[in-house]
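Chemist: My questions concern the predicted model and sequence given below.
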2 protein chains.
Amino acid sequence: MHCVASVWSSPDRPAFPHQALAVVLQVRAARLHVLLWQRANAPFVGAWALPGGPLLPDETLGASVARQLASKVELRQLAHLEQLETRSDPGRDPRGRTVATAYLGLIPAGLDPALPDDTAWHPVAALPPTAFDHGSIVGSALGRLRAKLSYTNVGFALAPPTFTIAELRTVYVAALGYDVTATNLQRVLLRRGVLEPTGEMAHPGRSGGRPAMLYRFASSSLEVTDPFAVFRPPSERPTERR
Amino acid sequence: MHCVASVWSSPDRPAFPHQALAVVLQVRAARLHVLLWQRANAPFVGAWALPGGPLLPDETLGASVARQLASKVELRQLAHLEQLETRSDPGRDPRGRTVATAYLGLIPAGLDPALPDDTAWHPVAALPPTAFDHGSIVGSALGRLRAKLSYTNVGFALAPPTFTIAELRTVYVAALGYDVTATNLQRVLLRRGVLEPTGEMAHPGRSGGRPAMLYRFASSSLEVTDPFAVFRPPSERPTERR
DNA sequence: GTCGGTTTTATACCGTAGGTTTGAAACCTA
DNA sequence: TAGGTTTCAAACCTACGGTATAAAACCGAC
C-alpha cells in the first residue's frame, strides 16, 4: 500500500486507482467483433477482458486508452474513438476498488491488424466468458454504436476507405443486427451528403454480376457525427447541408 | 498527504481523487437554467461551480452524485439522472489532479425547490464566470440534452406532470433553443404514443382564449428513452409501439 | 456468339412523418 | 354583443424511407 507522491489526497478526498478500457469493434466476415485478450492470472484466469490499463499521473484518460491500445493494435487503424461510460461499482474488481472509464473504438472493415498472442477478435453475438463487468460494458458499447449508426455518421468509421454499396450494407447489417436494404442505404446516405461516388469501379467480382461503383464517405463529413434531429426547422436541418 | 486504508494502490496503479458533478437543468420562465453554487474559497473565489463532491470509498458514482445533490435540492424532484462524461485533464484543478464524472439531471418545469444561500439558477445562455472546466461541462450537457430531446423521450423529465401543449412547447423551445410549432409537437408526440390526454382542462387562462386540454406523458414511456432510429424495418420501429 | 444466371443500379410507387397554413372553437374583456 | 386571444382540428404538401420492379452490366456455359 503506497501513496503516489504526485497525487493529492486526504481523508476527505479519497483516491482510487483508475483504469481506461477500450471496446474496439470491427466488422469481420459480415459479423461484428470485439477485441479481447485472455487473462493469464487471477482473478478470472482464462476469461477474456477488454484491453486497458491503469491511468498514469500525467495523462488524460483519452491518452491512456490510446497508450494501452497501442500495445494491441496499430492506432493508425482506429477510425473513431469516443468516451463511453465510467463504471464505479465498488465490487467490480475483487482485488479492490477501481474506477474504469470505457471508450468505444471503431476499426474499418477490411483491415487485419497484427495482434499479440493473447489477443483475439470475438463475435459480439457469441462472447466467451468475460472478466469483471467487461461483458456488460461491451453491451453498452453495442447499444451506443447501434443508436448512433442511424442518427449520426459513425458508419464511416466501420467502413473501408472505399467500398461498394453492397459492402457498406453488410457492414451496417452486421453492426445493427437487422436487415437493411441496399437501395435505402444508398439513397439515405447520398441524400445526407455523407456518401459520394469515387468514379471508379470495383474489381469485377469473381462470380459474375454487374461491376459495382465505388463510393467513399465525403471528406466534409468524416468527423461529423451530429445527430440528425427531428423538431428542427427544415432550413436548418443537418440533413440538408448537401 | 495521506493514504486511505480502504483503497488499494501501488506505484503501478496510481490513485486519484474522484469527484461526481451534476449538471441539473430546469426550464424556468421559458429559459433553460442550470443549478450552480458560488465558491467562497480559492481557487476561483466568487466563480460559479457545479454541485458535486468527492467520491467516497464505498459508494457508486451514481450514489455519490445523488448524495451531493441531496444537500442542494430535494432528490424527489429529479425526474432524470444519467451519466454524462468523465473529465480527466491533469490540469483541470489547480490544487492537484482530480478526475470528475459529470451527470445530467433534469427537473420538471414548475417546481421551485428551496436552495441554499450560495446556490442559484442561471440561464445557460448567459452563464456567470465558472470555475474549473465546469462551463465546458455545462456545454456538453446542453449538447446531450438537445440531441436526446428529438430522438428520445427525455422531454417528459423537463415537463410538469400535467401540461397543455402550449406549455410543453415552451419547454421544448427553451431546451432546444429554436422554435417548434405546437401543432407539430402535439402530433408527433401523440403518434409516438408518449403523450396522452388527461381529459381535464387547464384553468381558464387569465387573459382569455380557449381553455387548453391537459396532457401527461404516458406512464409506459416514462423511463423509456430509446432512440427513434431510422434504418429499421417498420414492424420493429419504436415509433410504432403504440 | 448467344443464352441464362448473377449482381448492381435505376426507377417508380406508396404510406407516412413532419412542416405549414387555415379556419373553427372556446374563452375573456369591453 | 363585438372584438381580441388562445387552443384545437383539419387540410395540404414536401420529403423520407420501405418496397417492388425492371434495366444494366458482367460472367460462364453451351
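Modeler: Okay, I see it. Residues are numbered from 1 along each chain as shown, chains lettered A, B, ... in the order given.
Chemist: Could you chop chain A up by domain?
Modeler: Segmentation of chain A into domains, based on automatic domain parsing, reads A:18-149, A:152-240.
Chemist: List just the one of these that sits closest to chain B.
Modeler: domain A:18-149 (2.9 Å; Cβ to the nearest Cβ). Quick note: C-beta positions are derived from backbone N, CA and C, even for glycine.
Chemist: is chain B contacted by the closest one?
Modeler: Yes: shown here: domain A:18-149 in contact with chain B (Cβ under 8 Å from any Cβ of the partner chain) through A:18, A:54-62, A:64, A:83, A:85-86, A:88-90, A:95-99, A:101, A:146-147, A:149.
Chemist: Kindly report the same for stretch A:154-172.
Modeler: Yes: Stretch A:154-172 lies within reach of chain B by Cβ under 8 Å from any Cβ, at A:Tyr172.
Chemist: That stretch: end-to-end distance?
Modeler: Stretch A:154-172 has an end-to-end distance of 11 Å (Cα to Cα, to the nearest Å).
Chemist: Point out the most buried one among the domains of chain A.
Modeler: domain A:18-149 (a mean of 18; mean count of other Cβ atoms under 10 Å in any protein chain shown).
Chemist: quick revisit: out of the domains of chain A, nearest to DNA strand C?
Modeler: Nearest of the domains of chain A to DNA strand C, taken as Cβ to the nearest atom of the strand: domain A:152-240 at 2.4 Å.
Chemist: Okay, and which of the residues of domain A:18-149 next to chain B map to strands?
Modeler: Using DSSP state E, A:His18, A:Pro54, A:Gln83, A:Glu85, A:Thr86, A:Val99, A:Thr101 are the members of the residues of domain A:18-149 next to chain B that sit in strands.
Chemist: before we move on, back to that, where among the domains of chain A is the average confidence lowest?
Modeler: Mean pLDDT is lowest for domain A:152-240 out of the domains of chain A, coming in at a mean of 76.
Chemist: what's the offset of the helix or strand encompassing A:Val24 from the middle of its chain?
Modeler: Counting by DSSP states H and E, the element that carries A:Val24 is strand A:15-28. In terms of Cα atoms, centre = their mean, to the nearest Å, the gap separating the centre of strand A:15-28 from the centre of its chain is 10 Å.
Chemist: Can you list the helices and strands that the top helix by length along chain A packs against?
Modeler: Using DSSP state H, we find that the single longest helix of chain A is helix A:134-151. Here helix A:134-151 touches strand A:15-28, strand A:31-38, strand A:80-87, strand A:99-107, helix A:165-176, going by 3 or more Cβ pairs under 8 Å, 6 or more residues apart in numbering or on different chains; DSSP states H and E.
Chemist: Can you give the contact residues for the next helix or strand after the second one?
Modeler: Using DSSP H and E, the helix or strand that follows strand A:31-38 towards the C-terminus is strand A:48-49. Strand A:48-49 is contacted by residues A:Leu36, A:Trp37, A:Gln38, A:Arg39, A:His122, A:Leu127, A:Pro128, A:Pro129, A:Thr130, A:Ala131, A:Phe132, A:His134 when judged by Cβ atoms under 8 Å, 6 or more residues apart in numbering or on different chains.
Chemist: Widest-spaced pair of the residues you listed?
Modeler: Distance extremes for the contacts of strand A:48-49: the farthest pair is A:His122 and A:Phe132 at 15.8 Å, using Cβ to Cβ.
Chemist: so can I have a markdown table of the ones in strands among the residues of domain A:18-149 next to chain B showing distance to DNA strand C?
Modeler: Formatted as a markdown table, these follow (distance: Cβ to the nearest atom of the strand, whole Å):
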| residue | distance to DNA strand C |
| --- | --- |
| A:His18 | 40 |
| A:Pro54 | 45 |
| A:Gln83 | 28 |
| A:Glu85 | 27 |
| A:Thr86 | 32 |
| A:Val99 | 38 |
| A:Thr101 | 34 |
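Chemist: so which pair among these is furthest apart in space?
Modeler: The span of those, defined through Cβ to Cβ, is set by A:Pro54 and A:Glu85 at 18.3 Å.
Chemist: does A:Leu50 really touch A:His134, like I thought?
Modeler: Yes: between A:Leu50 and A:His134 there is a contact under Cβ atoms under 8 Å: 4.7 Å.
Chemist: if I pick the nearest residue to A:Ala109 once chain neighbours are set aside, what's in contact with it?
Modeler: Spatial nearest neighbour of A:Ala109, excluding adjacent residues (Cβ to Cβ, 6 or more residues apart in numbering or on different chains): A:Val27 at 4.4 Å. Contact analysis of A:Val27 by Cβ under 8 Å, 6+ apart lists A:His33, A:Ala109, A:Leu158, A:Thr170, A:Val171, A:Ala174, A:Ala175.
Chemist: where does the third one fall, phi/psi-wise?
Modeler: In terms of degrees, to the nearest 10, the main-chain angles of A:Leu158 are phi -100, psi -10.
Chemist: so how far is B:Thr164 from it?
Modeler: 44 Å (Cβ to Cβ, to the nearest Å).
Chemist: Can I get the helices and strands packed on helix A:134-151 in JSON lines including distance to A:Val138?
Modeler: Output for the helices and strands packed on helix A:134-151, formatted as JSON lines (distance: least, Cβ to Cβ, whole Å):
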{"stretch": "strand A:15-28", "distance to A:Val138": "6"}
{"stretch": "strand A:31-38", "distance to A:Val138": "6"}
{"stretch": "strand A:80-87", "distance to A:Val138": "10"}
{"stretch": "strand A:99-107", "distance to A:Val138": "9"}
{"stretch": "helix A:165-176", "distance to A:Val138": "13"}
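Chemist: Of the ones you listed, which is nearest B:Pro14?
Modeler: Closest of those to B:Pro14 is strand A:15-28, at 6.9 Å (criterion: Cβ to Cβ).
Chemist: what angle do that closest one and strand B:15-28 make?
Modeler: 80 degrees (axes from the mean of the first three to the mean of the last three Cα atoms, to 10 degrees).
Chemist: Note down every partner strand of strand A:15-28 and its orientation.
Modeler: strand A:31-38 (antiparallel), strand A:52-54 (antiparallel), strand A:99-107 (parallel), strand B:15-28 (antiparallel) (DSSP bridges).
Chemist: contacting residues around A:Trp67?
Modeler: One correction, residue A:67 is Arg, not Trp. Contact analysis of A:Arg67 by Cβ under 8 Å, 6+ apart lists A:Gly53, A:Glu59.
Chemist: Am I right that it is in a helix?
Modeler: Yes: according to DSSP: H, G, I helix; E, B strand; the rest coil, A:Arg67 belongs to a helix.
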